[in-house]
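Peer 1: the following comprises the amino acid sequence and a computationally predicted model.
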Amino acid sequence: MFDVVVVRDSASGTLGIAVDLWDGEVTVGAISTGGPADREGTLVQGDVIKAVEGAACATIEEVTVMVVKGPSAIRLSVVRRPVSVVLESEIRMRMPTGEWEPFAFRLLSNRNIEFEKLSPPVYAGEIHARLAQSLRLLEPGAVGGGEADRVLEIVTGHKHFQIQCAAPHELDMWQLRLQEVIMLQEKVANVAHGWLLKEEPAADGGSGAQFKHYWFVLFSNGILMYFEGPQRAVLGQALGFVPVEACHEHAQAHMHTITIRCSFTSWLLATKNKDSMLQWAASLKAAQPAALAGAAAKPAIDAVLAQGWCETPRDDDETGAEVWARHWFVLKPSVLQIYPEEAKARAGSKGALSVPPAVELASLRMVSATRAAGVDFYRWGIVLETADGPPLRLRAAGQSEMRQLLSTLNVNCIPVQSGCSSLQPSFEKTRVQLKAGWLFKKAERRSGAPVVKAWQRRWFVLEVTSELGPDQGTVLRTAQLTYHHSMRELRQSGGVAIPLQEAKSVKSSLGRTKGTEHRLTISTHRREWELGAGDKTTADEWLALLQEWVGLPRVEPVGRASSADGQASVVRSQWMEVKVEAFKPDDISEEELTRTATLQKRSPSFGRSFSLFRNKADNKSPERVYNGSPTKGASARTASERSATPELAGEQGSARERGSARERGSAREGDDEDEDDDPGFRWVYVALLSDGTLRQYEDEAMTSELGRLRLGYLVQAAMLDEPIDDYQLAFRVTPNTANTDAWVLCPDSEKEASEWIATLKA
């Protein structure tokens, strides 16, 4: 241990150092260029501060308090920690040209990354890991998509570094250790901690899984890490991490689990009891990652990467010949500055350069840095190509200086050219149901197949699928509108699709038939699809959504907000059984259709010959029955049969239609069924979102939406007046809007039902 005295510029000034808690000890993380500690010259990055003014300090808070109380000249007791290698790998890094070059990477205990290029031209240098602001995992768009092809992108304030490892676990370890370095700069706090069980693959490599005990720590930036035990729960010794982007708990009879998901992994954790599960779930949902919470961007640190003497050419005023003049250069991540020799002489060895630079080149304008050819090759020359001007030529003071400057320019400063790689951010395909409900559809007139009813009630579903687009950084969104004969058919077939991609327009109009007064017309080059609703609100909602999504699939930037994104935060979620009580408008009576001239009459007996939907037996016979008159091969019907009641005839027609549907598919045009459309309860994942919608999903990943209920301002939620057998805990959720659906939800316990009702009402 040794003492260092740092003299501050003022009594209340800083020491010019940044400290963090690396490996559980207060460590010098960074030294400000030109600050008091830098001018004193003894402290180096990685030194451990044991005491301030003779008082022992074990935490950052204790060091800060002693510095604030201390005099202008502060005495620090420091232990120089030997610089050790924390992590070492052979990786491939993407260069400014877009090519991937092999490197040897070593993460040191002082938070610097040493690198050595393994292919010609060979050079070495450092990357300051403390400058990293965030990490992203990228997946290749056209490179096979293998696990080994994943790319870790290290984002700093001025450049994005992209690296690959041959083994997946090596890349995971680099992501973990660099995430710890980032969190040291953020000064994160411990929000929750404790023992949990974590699901892991079987030790023997089999197909099964097992649960292991680990000590988990949730930090204030929304990162959850696990360690071997509480004694080793310090940054620098974590075994894994996950940003808590989605969290869902599930209570069963013998196990209480929590599923945590992010863009690159998912964890299944288990607790001993339900109370512990609920406490952890509440903490996890409250600690949202900074990126999802819309935190402000961190300020970029423009530290000095390299500085020294160099030569630049100029034309002699008298002879016009090229001469080389000595200059002082300062290279930062954002800019290269070159000063005259006289300016550096006036500033001295530690003084600041007060005059403007003779040459200033921003990193964004740099294209490439290569070793010079010809005579300059032997003078340690460098050629720096620019995007909008002539190249900048430099000569370094020697071979080692040339290699350092060349490596620093290529690795730390020059941005990677866009369009040189097919890499795209990882993106999970999603399907979102924007709207579903009953509407009336006007039947299409077909030659040889007369229509019995012009308006038929159908269940319509509008969905949007989002997947990676054809270009980098884009999303392809495709809308699909389908209709079903009944809600029961919704489970059994894909329905009939209306080709929104071929549609030219969607227009609204008014009609005369009661129940279909508010019309929507979808026009394609083949036909017009006419839909009707009984109330204006329903029609306007459908019109707005269809006008938004009609036409060809949309290609949008990844970050653009869309009604199909579903990016609202989850307020509450749970597996439960759900039954949809869909609002179903009354069928249109035959008298109303006759009154408005929308019923196609074929005979005084209303054409009840069942000739519209034939079964296979009818198709085999060459004889047909038209206009209620039997022909050869058909059995004659009595007058009493032809004068059957409309109700009985309707039932017979519906039965025939159902039989025809099974043989001819979903594309049928006929009378509505009188079958029971109650789909019953089904086991789904229910989520209440912050945008005021209640949604159903196939699983906890919430990527495939099954239904959506817009709650509105005064939603009604209450237990059923008459409980259903086997569903005694069910409660009904009804939006405070006329002509809307209601959902009946049945959780696992009475407490959960009460909590859901209270949350929905709030």
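Peer 2: Received it, and whenever you're ready, just let me know what you need. Numbering: from 1, shown residues only.
Peer 1: what about the strands in the stretch 1-150 of the chain?
Peer 2: If you assign secondary structure with DSSP state E, counting those that start in this stretch, the strands in the stretch 1-150 of the chain sit at 2-7, 17-22, 25-31, 48-52, 55-56, 73-79, 85-94, 100-108, 112-117, 124-128, 132-140.
Peer 1: can you put those in JSON lines and add mean neighbour count?
Peer 2: Every C-beta, even on glycine, is put in place using the N, C-alpha and C of the backbone. Written out in JSON lines, the entries for the strands of the stretch 1-150 of the chain read as follows (neighbours: other C-beta atoms under 10 Å):
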{"stretch": "strand 2-7", "mean neighbour count": "14"}
{"stretch": "strand 17-22", "mean neighbour count": "21"}
{"stretch": "strand 25-31", "mean neighbour count": "21"}
{"stretch": "strand 48-52", "mean neighbour count": "20"}
{"stretch": "strand 55-56", "mean neighbour count": "12"}
{"stretch": "strand 73-79", "mean neighbour count": "17"}
{"stretch": "strand 85-94", "mean neighbour count": "17"}
{"stretch": "strand 100-108", "mean neighbour count": "17"}
{"stretch": "strand 112-117", "mean neighbour count": "19"}
{"stretch": "strand 124-128", "mean neighbour count": "19"}
{"stretch": "strand 132-140", "mean neighbour count": "18"}
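Peer 1: W459 touches A436, doesn't it?
Peer 2: Yes. At 7.1 Å, W459 counts as touching A436 under the criterion of C-beta atoms under 8 Å.
Peer 1: how about the helices in the protein?
Peer 2: Counting by DSSP state H, the chain has these helices, from start to end: 36-40, 60-69, 168-186, 274-286, 341-347, 399-408, 487-492, 536-549, 590-595, 616-620, 639-642, 646-664, 750-761.
Peer 1: now the nearest residue to E180 once chain neighbours are set aside: how far from L224?
Peer 2: Closest residue in space to E180, ignoring its immediate chain neighbours: L235 at 4.5 Å, by C-beta to C-beta, 6 or more residues apart in numbering. Counting by C-beta to C-beta, to the nearest Å, the gap between L235 and L224 amounts to 13 Å.
Peer 1: neighbour-wise, which of these two wins?
Peer 2: The residue with more neighbours, out of L235 and L224, is L224; 26 against 22, by other C-beta atoms under 10 Å.
Peer 1: contacting residues for the more buried one?
Peer 2: If a contact means C-beta atoms under 8 Å, 6 or more residues apart in numbering, then L224 has 216-218, 241-244, 260, 267, 284 as its contacts.
Peer 1: swap in 10 Å and give it another go.
Peer 2: 191-192, 196, 216-218, 240-244, 247, 260, 262, 267, 269, 280, 283-284, 287, 289 (C-beta atoms under 10 Å, 6 or more residues apart in numbering).
Peer 1: distance of it from G236?
Peer 2: L224 sits 17 Å away from G236, going by C-beta to C-beta.
Peer 1: any regions of the stretch 401-550 of the chain where pLDDT drops low?
Peer 2: Using pLDDT under 70 as the threshold, the predicted model of the stretch 401-550 of the chain has low-confidence ranges 417-428, 445-453, 471-473, 487-493.
Peer 1: err, the stretch 151-300 of the chain, not the other one
Peer 2: Scanning the stretch 151-300 of the chain for pLDDT under 70 picks out the ranges 203-208, 252-253, 288-300.
Peer 1: just to revisit the earlier point, what touches both of L235 and L224?
Peer 2: Looking at what touches both L235 and L224 (by C-beta under 10 Å, 6+ apart), the common residues are V217.
Peer 1: I figured V217 hits E228, correct?
Peer 2: No. With contact defined as C-beta atoms under 10 Å, V217 does not count as touching E228 (12.0 Å).
Peer 1: who has more neighbours out of these two?
Peer 2: Neighbours of V217 and E228, each counted by other C-beta under 10 Å, are more numerous for V217; the result is 21 against 13.
Peer 1: show me what the residue nearest to I127 when sequence neighbours are not counted bridges to in the sheet.
Peer 2: If you skip the residues right next to it in sequence, I127 has I113 as its closest partner in space, 4.2 Å away by C-beta to C-beta, 6+ apart. With DSSP bridges as the criterion, the beta-bridge partners of I113 are L107, I127.
Peer 1: wait, I113 touches H128, no?
Peer 2: Yes. The pair I113 and H128 passes the contact test of C-beta under 10 Å, sitting 7.8 Å apart.
Peer 1: I'd like the mean pLDDT over stretch 391-400, please.
Peer 2: The average of the pLDDT scores along stretch 391-400 is 92.
Peer 1: mind listing the strands for the stretch 251-400 of the chain?
Peer 2: Using DSSP E, counting those that start in this stretch, the strands of the stretch 251-400 of the chain run over residues 256-261, 266-271, 306-315, 322-331, 335-340, 359-362, 366-371, 381-386, 392-396.
Peer 1: with only the CA atoms kept, save the first one in PDB.
Peer 2: Included here for strand 256-261 are C-alpha records, laid out as PDB according to Å, rounded to 0.1, in the frame of the first residue of the first chain:
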ATOM      1  CA  HIS A 256     -44.500 -21.900  -8.300                       C
ATOM      2  CA  THR A 257     -42.600 -20.600 -11.300                       C
ATOM      3  CA  ILE A 258     -41.600 -17.300 -12.900                       C
ATOM      4  CA  THR A 259     -40.700 -17.000 -16.600                       C
ATOM      5  CA  ILE A 260     -38.400 -14.100 -17.600                       C
ATOM      6  CA  ARG A 261     -37.800 -13.300 -21.300                       C
END
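Peer 1: now tell me what touches that strand from outside.
Peer 2: With C-beta under 10 Å, 6+ apart as the test, strand 256-261 has contacts from 196-197, 199, 211, 224, 242-251, 266-278, 280-281, 284, 428, 699-702.
Peer 1: out of those residues, which are buried?
Peer 2: Among the contacts of strand 256-261, those that count as buried by neighbour count (16 or more other C-beta atoms under 10 Å) are 196-197, 224, 242-251, 267-269, 271, 276-278, 280-281, 284, 700, 702.
Peer 1: bridge partners for the closest residue to K761 other than its chain neighbours, pull those for me.
Peer 2: Using C-beta to C-beta, 6+ apart and skipping the chain neighbours, the partner closest in space to K761 is A717 (5.7 Å). For A717, the beta-bridge assignment (DSSP bridges) gives partners V733.
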